[in-house]
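Enquirer: A predicted structure for the sequence below; I have some questions about it.
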Amino acid sequence: MDTKIGQVDVSRPMSNDVGAPPCSNSVAVVQNSVCPVSSDSTLGRHLARRLVQVGVSDVFSVPGDFNLTLLDHLIAEPALNVIGCCNELNAGYAADGYARAKGVGACVVTFTVGGLSVLNAIAGAYSENLPVICIVGGPNSNDYGTNRILHHTIGLPDFTQELRCFQTVTCFQAVVNNLDDAHELIDTAVSTALKESKPVYISIGCNLSHIPHPTFSREPVPFFLAPKLSNQMGLEAAVEATVEFLNKAVKPVMVGGPKLRVAKAGKAFVELADACGYPVAVMPSAKGLVPEHIPHFIGTYWGAVSTGFCAEIVESADAYLFAGPIFNDYSSVGYSLLLKKEKAIIVQPDRVVVANGPAFGCILMKDFLNALAKRLKRNTTAYENYYRIYVPEGAPPKASPNEPLRVNILFKHVQEMLSSDTAVISETGDSWFNCQKLKLPKGCGYEFQMQYGSIGWSVGATLGYAQAAKDKRVIACIGDGSFQMTAQDVSTMLRCNQKSIIFLINNGGYTIEVEIHDGPYNVIKNWNYTGLIDAIYNGEGKCWTTKVHTEEELKEAIATATGTKKDCFCFIEVIVHKDDTSKELLEWGSRVSAANSRPPNPQ
């Protein structure tokens with residue numbers, strides 16, 4: 001369960017004194033005769049070793065003249081694999097997907113033209129609480145303060161434009177333009193990314209990465225990330241207030257939210273569910289963070305577009321505990337959830353709010369859920385109600401021979417492909433809703449980007465996730481409009497010998513936008529998608545493509561992809577009608593449209 005949430009143990013020794021070398025005393029830092037500087041004690045090698053130490057084995061990059069020397073030093077680290085991507089946006093998306101599977105990710109781009117290109121992906125990682133280390137090869141250190149105009153800038157002698165852009169989407173920014181404080185800045189940036197579970201920005205002068213310096217020891221000095229601790233008195237008070245509230249309820253429920261990941265509280269949430277017997281739902285953006293095979297799991301709570309019978313149980317409860325929720329216009333279906341604040345316990349990573357009553361800060365979610373599990377009375381009333389009203393979903397109508405393929409038939413067969421050896425990547429669009437209805441077997445991974453919802457995210461994320469989780473075969477469901485945004489990095493998947501399966505759902509446009517507000521701008525130029533992938537393949541690597549129009553063709557394609565082509569990258573283009581969408585998207589789209597089109601409030 002918690003392996004999904006991240007592999008980096010931020011409580012292990014890593015350096016309080018981030019700048020100290022491994023010599024016996026600090027004097028040796030200055031006196032090279034006491035502690036000689038080795039030829040590989042360089043900024044570039046230190047950064048490479050630090051990335052490896054915190055769990056990064058693969059860095060996604062795009063070369064540019066300001067980062068080339070730095071890339072040389074990253075490549076020289078045996079435990080680090082530098083993967084060249086087709087553009088910076090996809091490199092950032094790949095680092096995002098990698099961080100989801102491994103707990104931390106990294107990308108390397110060049111100054112401004114690369115930095116501003118990757119910025120959108122870093123903003124998405126920030127919104128999803130992912131520790132992504134964004135490294136930029138910066139200007140020569142001698143150019144700072146000289147009033148010179150450099151290429152890759154907007155033509156002003158001001159090198160801070162890129163930094164100012166990153167300040168709003170990263171939790172720490174380090175501009176390294178001298179060697180004396182480089183060690184401290186790099187280590188502070190890396191440790192802050194892990195502690196805050198947010199992206200950080202590191203700019204490194206292009207003339208610095210190859211220079212030896214005493215502070216760059218052969219092995220990075222272990223630095224220590226002080227573990228966060230709960231305020232014990234506050235914790236006890238919060239548990240007491242919550243126990244009193246929930247033990248009085250007749251039919252309480254539990255709902256997991258996306259911040260279970262950043263709180264590393266997935267295991268504690270499941271243990272609480274086992275102890276109290278409440279029915280367990282997840283918010284849509286938390287799918288995959290709570291195992292769906294556990295007892296009392298009732299599905300996805302998403303207001304009017306919830307999975308069957310889930311909304312009725314949650315919204316009719318007299319008390320609900322939300323662990324790590326994010327309530328925005330998308331997750332609330334245009335602000336239409338039928339929830340009442342006075343019935344809710346809201347547990348955030350470091351804060352608990354009990355209904356309309358008290359709020360308790362400095363309390364870690366994991367500690368709170370663990371303590372609560374020992375105090376709550378077992379109450380299965382709400383789950384028994386769910387069991388009584390639940391009617392299994394019917395299968396989609398059987399397709400006639402050679403009938404044009406329907407989307408619900410496609411996802412019926414995707415469901416049959418899932419196992420503990422697979423992971424699902426769901427692109428923004430109708431795939432959100434169709435993938436949400438998939439039943440995830442134990443150990444099956446699942447990722448999508450709901451808070452930021454950047455169309456095209458899934459191509460890079462598939463690349464990064466598959467590179468990090470080599471024990472799983474990624475199944476990505478991507479619409480044609482999204483794919484046109486970022487298709488190039490299928491090339492990188494082939495270079496990395498990945499074996500993912502992409503279902504390209506070709507319905508001729510931006511279907512999710514159609515259902516919010518239609519117009520001619522939602523229609524796109526049709527491509528020969530399999531022909532495009534074959535051209536990218538160009539005989540190098542392992543690649544198999546096919547185009548399917550019917551259920552018979554789909555079944556044959558899946559049998560091939562999971563059989564003779566199981567060790568191969570597989571691309572299956574699925575042709576469906578432009579108006580073939582899930583009923584959930586139709587409902588969701590109309591409600592979001594209504595929220596978007598609200599007139600201005602009277603002045």
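Expert: It's in. Residues are numbered from 1 along each chain as shown.
Enquirer: Distance-wise, check Glu219 relative to Val52.
Expert: In this structure, Glu219 and Val52 are 11 Å apart, going by C-beta to C-beta, to the nearest Å. (Each C-beta comes from the backbone N, C-alpha and C, glycine too.)
Enquirer: Compare those two and say which is more crowded by neighbours.
Expert: Applying other C-beta atoms under 10 Å to Glu219 and Val52 shows that Val52 carries more neighbours, namely 16 against 10.
Enquirer: Leu586 - that's part of a helix, no?
Expert: Yes: with DSSP: H, G, I helix; E, B strand; the rest coil as the criterion, Leu586 is assigned to a helix.
Enquirer: Just the pLDDT at it, thanks.
Expert: Confidence per residue is given as pLDDT, and for Leu586 that number is 76.
Enquirer: so how many other residues sit close to the closest residue in space to Met283 that isn't next to it in sequence?
Expert: Nearest in space to Met283, with sequence neighbours left out and distances taken as C-beta to C-beta, 6 or more residues apart in numbering, is Gly257 at 4.8 Å. Burial of Gly257, expressed as a neighbour count using other C-beta under 10 Å, amounts to 26.
Enquirer: show me the contacts for Gly257.
Expert: Contacts for Gly257 were tallied using C-beta atoms under 8 Å, 6 or more residues apart in numbering; they are Val282, Met283, Ser285, Ala286, Phe322, Ala323, Gly324, Pro325, Ile326.
Enquirer: tell me the phi and psi of the first one?
Expert: The reference is to Val282. Backbone dihedrals for Val282, given as degrees, to the nearest 10, come out at phi -130, psi 150.
Enquirer: what's the answer for Ala238, then?
Expert: phi -70, psi -40.
Enquirer: Where strands are concerned, which of the contacts of Gly257 count?
Expert: With DSSP state E as the criterion, strands contain Val282, Phe322, Ala323 from among the contacts of Gly257.
Enquirer: Who wins on neighbours among those residues?
Expert: Going by other C-beta under 10 Å, Ala323 tops the ones in strands among the contacts of Gly257 with 32 neighbours.
Enquirer: Going by secondary structure, the residue nearest to that residue when sequence neighbours are not counted is in what exactly?
Expert: Counting by C-beta to C-beta, 6+ apart, the nearest residue to Ala323 once its immediate chain neighbours are dropped is Val347, at 4.7 Å. Mapping Val347 onto the secondary structure by DSSP states H and E places it in strand 344-348.
Enquirer: That strand - which strands sit beside it in the sheet, and in what orientation?
Expert: Using DSSP bridges, the neighbouring strands of strand 344-348 in the sheet come out as strand 319-323 (parallel), strand 351-354 (antiparallel).
Enquirer: May I have that strand as PDB, with CA atoms only?
Expert: Output for strand 344-348, consisting of C-alpha atoms alone and laid out as PDB, is shown next (Å, rounded to 0.1, in the frame of the first residue of the first chain):
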ATOM      1  CA  ALA A 344     -17.700  16.400   8.600                       C
ATOM      2  CA  ILE A 345     -14.400  15.600  10.200                       C
ATOM      3  CA  ILE A 346     -11.700  17.000   7.800                       C
ATOM      4  CA  VAL A 347      -8.300  15.500   8.400                       C
ATOM      5  CA  GLN A 348      -5.500  17.200   6.400                       C
END
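Enquirer: Now flag whichever of the contacts of Gly257 is closest to Ala395.
Expert: Within those, the smallest distance to Ala395 is 23.8 Å, found for Val282 (C-beta to C-beta).
Enquirer: How about the contacts made by Asn87?
Expert: Val62, Ser117, Thr486, Gln488, Asp489.
Enquirer: same thing but 7 Å
Expert: When contacts are counted by C-beta atoms under 7 Å, 6 or more residues apart in numbering, Asn87 touches Val62, Ser117, Gln488.
Enquirer: Provide a ChimeraX selection command restricted to the buried entries of those.
Expert: Applying 16 or more other C-beta atoms under 10 Å to these leaves a buried subset, and the ChimeraX line that selects it is:
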select :62,117,488
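Enquirer: what about the chain, any weak spots by pLDDT?
Expert: Judged against pLDDT under 70, the low-scoring parts of the chain cover residues 1-39, 218, 223, 509, 511-512, 514-517.
Enquirer: how about the nearest residue to the spatially most central residue of it, chain neighbours excluded?
Expert: In the chain, the C-alpha nearest the mean C-alpha coordinate belongs to Arg100, at 4.7 Å (C-alpha atoms, centre = their mean). Ranked by C-beta to C-beta, 6+ apart and with sequence neighbours excluded, the top spatial neighbour of Arg100 is Glu447, at 5.1 Å.
Enquirer: Likewise for Val548?
Expert: When the adjacent residues along the chain are set aside, Val548 lies closest to Leu554, with 4.7 Å between them (C-beta to C-beta, 6+ apart).
Enquirer: Which phi and psi values does that neighbour adopt?
Expert: The phi and psi values for Leu554, taken as degrees, to the nearest 10, are phi -60, psi -50.
Enquirer: Around it, count how many other residues there are.
Expert: 22.
Enquirer: How much space separates it from Gly44?
Expert: Using C-beta to C-beta, one obtains 49 Å as the distance from Leu554 to Gly44.
Enquirer: Am I right that Ser230 is in contact with Ile363?
Expert: Yes: in this structure, Ser230 sits in contact with Ile363. The criterion is C-beta atoms under 7 Å, and the distance is 4.9 Å.
Enquirer: The two: which is more packed in?
Expert: For Ser230 versus Ile363, the count of surrounding residues by other C-beta under 10 Å is larger for Ile363: 26 against 20.
Enquirer: which residues touch Ala487?
Expert: Ala487 sits next to Val459, Leu532 when contact means C-beta under 7 Å, 6+ apart.
Enquirer: swap the cut-off to 10 Å and go again
Expert: Residues touching Ala487, when contacts are defined by C-beta atoms under 10 Å, 6 or more residues apart in numbering, comprise 86, 90, 456, 459, 478, 480, 502, 504, 527, 529, 532-533, 536.
Enquirer: Highest neighbour count among the residues you listed?
Expert: Ranked by neighbours (other C-beta under 10 Å), the contacts of Ala487 are led by Asn90, which has 31 neighbours.
Enquirer: Name the SS class of that residue, please.
Expert: Asn90 falls in the helix class when you classify it by three-state DSSP.
Enquirer: Tell me the spacing between it and Val490.
Expert: From Asn90 across to Val490, the span is 10 Å (C-beta to C-beta).
Enquirer: Am I right that the residue nearest to Arg100 is in a strand?
Expert: Yes: when classified by three-state DSSP, Glu447 is found to be part of a strand.
Enquirer: beta partners for it?
Expert: Glu447 forms beta bridges with Ile425, as assigned by DSSP bridges.
Enquirer: just checking, it touches Tyr465?
Expert: Yes: judged on C-beta atoms under 10 Å, Glu447 makes contact with Tyr465 at a distance of 6.4 Å.
Enquirer: so what's Lys472 up against?
Expert: Contacts for Lys472 were tallied using C-beta under 10 Å, 6+ apart; they are 101, 419-424, 443-445, 465-466, 499-500.
Enquirer: Take these and, keeping just the buried ones, write it as a PyMOL select command.
Expert: A single PyMOL command selects the buried members of the contacts of Lys472 (16+ other C-beta under 10 Å):
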select buried, resi 101+422+423+424+443+444+445+465+466+499+500
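Enquirer: and which of the contacts of Lys472 is nearest to Asn522?
Expert: Val424 (25.4 Å).
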